[in-house]
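A.B. asks: What would the 3D arrangement of this be:
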Amino acid sequence: RSSTAVILAGDDHVSPDGRVMEVLSEHLWQGWLEGYLLTGRHGLFSCYEAFIHIVDSMFNQHAKWLKVSGGIPWRRPIASLNYLLTSHVWRQDHNGFSHQDPGFIDHVVNKKAEVVRVYLPPDANSLLSVMDHCLRSRSYVNVIVAGKQPESQWLDMASAVSHCSVGVGIWTWASNEQAGAPDVVMACAGDVPTLGTLAGVDLLRRQLPELKVRVVNVVDLMTLQSPSAHPHGLADSEFDSIFTEDKPVIFAFHGYPWLIHRLTYKRTNHDNFHVHGYMEEGTTTTPFDMTLLNELDRFHLAADAVDRVPRLSKVGAHFKQLVRDRLVDHRQWVTEHGDDLPEIKEWKWV
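C.D. replies: Predicted coordinates:
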């Protein structure tokens, strides 16, 4: 790393002529990267999710430049502008409310479909696959959202590559409706929403084993749009086969919920989409409590699924009581210990 300050004996890989430069100025980073890309090289802009908004207007100009330059024959393609948004909204344990804003995604999808791509890898292998694809791509703006905490590992590498290549798919290993139609679709996009969804599905399958659940994960957000709106969009027949034409869909989303409605409003089953996401509720708190404040936790997702399945109207009361009891336990524990319950922190898919 480059440093013009005093270099101490314990400093590691620091020198006045270092090639890695870090300054707290998003405008400068963006300018550096845009110029670097124009030299024919490729790069990555990693930033706290909440503060990438500082370069909103610079992103605008680059996206517009890409659109226009794509129609100029003598302009050669350049490496894509890659954003990695980390330290995201769901893991601001110590920074709190000021660092909690996932709205850059909404801003990005306003631009032309031939330019923008948004990826929400659910685990570490998916992140590797997505990053490999983005660094090889040309003339796009790629936005990748992934936390800097240790990631869960749901897919092996081959499965992750296959899943990311399509951008959306049914996770058969987490579903139990292969023999017939599901009662409910539990969908998710983002690393923390995926964890909450799988934990909620595990709870449902333990407490209500007769409930038929389909789990769907979305890596490429633009697959939710129709092909007429974005080149990555799924055909209506494909979309309907995954999300069904008439079953409730409980969608756990990384960002603001209305973006999912905006992307899917023309789909057959849109009226049955019930999206959980960031509701502008936050503080300095534990990871699970942060999701609970925004009803993106396993208990709210599972309870919503029970509410949306008509045949559970009579038997769902006991499940809802279980959920209420667990939420009381959580509140008491987190108030006393300042940490999440061990059963929450240590949960694993079995």
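A.B. asks: For the stretch 151-300 of the chain, just list every one of the strands.
C.D. replies: 168-170, 184-189, 213-218, 249-253, 273-276 (DSSP state E, counting those that start in this stretch).
A.B. asks: Next, find the distance separating Gln332 from Thr194.
C.D. replies: From Gln332 over to Thr194 the distance is 27 Å, taken as Cβ to Cβ, to the nearest Å. Placement of C-beta: from N, CA and C, glycine included.
A.B. asks: These two - which one has more neighbours?
C.D. replies: Thr194 (28 against 11; other Cβ atoms under 10 Å).
A.B. asks: Quick one: residues contacting the more buried one.
C.D. replies: Residues near Thr194 by Cβ atoms under 8 Å, 6 or more residues apart in numbering: Pro122, Asp123, Ser152, Trp154, Cys188, Asn217, Ala252.
A.B. asks: Surely the third one touches Leu195?
C.D. replies: Yep, that's Ser152 we're talking about. Yes - assessed by Cβ atoms under 8 Å, Ser152 is found in contact with Leu195 at 5.8 Å.
A.B. asks: neighbour-wise, which of those two wins?
C.D. replies: For Ser152 versus Leu195, neighbours defined as other Cβ under 10 Å are more numerous around Leu195 (26 against 16).
A.B. asks: quick one: contacts for that one?
C.D. replies: Leu195 neighbours (Cβ under 8 Å, 6+ apart): Ser152.
A.B. asks: Which per-residue confidence value corresponds to Asp313?
C.D. replies: Let me fix one detail, which is that residue 313 is Ser and not Asp. According to the prediction, Ser313 has pLDDT 79.
A.B. asks: Now it: phi and psi?
C.D. replies: Backbone geometry at Ser313, expressed as degrees, to the nearest 10, gives phi -60, psi -30.
A.B. asks: What's the separation between it and Met186?
C.D. replies: 19 Å.
A.B. asks: State the mean pLDDT of stretch 184-192.
C.D. replies: So the average pLDDT for stretch 184-192 ends up being 98.
A.B. asks: got the CA positions of it in CSV?
C.D. replies: Extracted as CSV, the C-alpha positions of stretch 184-192 are listed here (Å, rounded to 0.1, in the frame of the first residue of the first chain):
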residue,chain,number,x,y,z
VAL,A,184,-46.2,-21.6,-1.2
VAL,A,185,-43.1,-20.3,-2.9
MET,A,186,-40.4,-18.9,-0.7
ALA,A,187,-38.2,-16.7,-2.8
CYS,A,188,-35.0,-14.8,-1.9
ALA,A,189,-32.4,-12.4,-3.4
GLY,A,190,-29.4,-11.5,-1.4
ASP,A,191,-27.1,-13.3,1.1
VAL,A,192,-28.9,-12.3,4.3
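A.B. asks: Pretty sure His99 sits against Trp90.
C.D. replies: No - assessed by Cβ under 8 Å, His99 is found out of contact with Trp90, at 10.9 Å.
A.B. asks: Which one of those two is surrounded by more residues?
C.D. replies: For His99 versus Trp90, the count of surrounding residues by other Cβ under 10 Å is larger for Trp90: 25 against 19.
A.B. asks: Name the SS class of that one, please.
C.D. replies: Under DSSP: H, G, I helix; E, B strand; the rest coil, the three-state class of Trp90 is coil.
A.B. asks: Show the contacting residues for the nearest residue to it once chain neighbours are set aside.
C.D. replies: The shortest distance from Trp90 to any non-neighbouring residue, by Cβ to Cβ, 6 or more residues apart in numbering, is to Val192 (4.0 Å). The neighbours of Val192, taking Cβ under 8 Å, 6+ apart as the test, are His88, Trp90, Arg91, Gly147, His254, Pro287, Thr291, Leu296.
A.B. asks: all helices for the stretch 51-200 of the chain, in order.
C.D. replies: Counting by DSSP state H, counting those that start in this stretch, the stretch 51-200 of the chain has helices at residues 56-69, 104-108, 124-136, 157-166, 191-207.
A.B. asks: Need the ones you listed in CSV (columns: distance to His276).
C.D. replies: Output for the helices of the stretch 51-200 of the chain, formatted as CSV (distance: least, Cβ to Cβ, whole Å):
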stretch, distance to His276
helix 56-69, 26
helix 104-108, 16
helix 124-136, 21
helix 157-166, 22
helix 191-207, 8
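A.B. asks: Out of the ones you listed, which gets nearest to Lys247?
C.D. replies: Closest of the helices of the stretch 51-200 of the chain to Lys247 is helix 191-207, at 14.4 Å (criterion: Cβ to Cβ).
A.B. asks: tilt between that closest one and strand 184-189?
C.D. replies: Helix 191-207 and strand 184-189 are oriented at 160 degrees to each other (axes from the mean of the first three to the mean of the last three Cα atoms, to 10 degrees).
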